[in-house]
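>>> Pasting the sequence and the predicted model now:
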Amino acid sequence: MPGEPEQVSLRDYMQRQLDDLRRSLDERYATQTQANQELKATTAERFTSVNEFRGQLNDQVRTFMSRTEVEQLIKTLDDKTDAQSARDSERFEEINKRLNERSGGDAAMAKMLTLGLGVATLVISIVVFLANYAFGTS
């Protein structure tokens, strides 16, 4: 009769429930498998970029100077600078010594020049005096 529920055996009912459950589990498994594969692909991409970044850092580390190399270079430059400074000090002392000797010589020369000018003035004065005396112009 229409409107009456269909009579189903317990075995068929249980079989249908098991089939529905199996289908539902298969769908879930397929969905989870697909999500897992997508997650693995995303993780692989992420780790690829991380590995590229690590590679760049390793390249940088290989091109940078080590601390010991820098310290050795600085020590070498300090030694060269100290040696050049010592040579410059010696040169300045030598130049200063020469200037002092020369200025002493210049002072003596200035005294001689002054004395020479004094003597020349005295001689000219005597000659003028004698000329005036001799020629009678006063």
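Good, I have the coordinates. Numbering: from 1, shown residues only.
>>> residues near Leu99, how many?
Applying other CB atoms under 10 Å, we find 11 residues neighbouring Leu99. For every residue, glycine as well, the C-beta is placed using N, CA and C.
>>> Quick check: which helices or strands does the lowest-mean-pLDDT helix or strand in the chain pack against?
The weakest-scoring helix or strand in the chain, judged by mean pLDDT, DSSP states H and E, is helix 67-135 (a mean of 85). Packing partners of helix 67-135 (3 or more CB pairs under 8 Å, 6 or more residues apart in numbering; DSSP states H and E): none among the helices and strands.
>>> and Arg62, helix, strand or coil?
Three-state call for Arg62 (DSSP: H, G, I helix; E, B strand; the rest coil): helix.
>>> who touches it in this structure?
By CB atoms under 8 Å, 6 or more residues apart in numbering, no residues touch Arg62.
>>> separation between it and Glu69?
13 Å (CB to CB, to the nearest Å).
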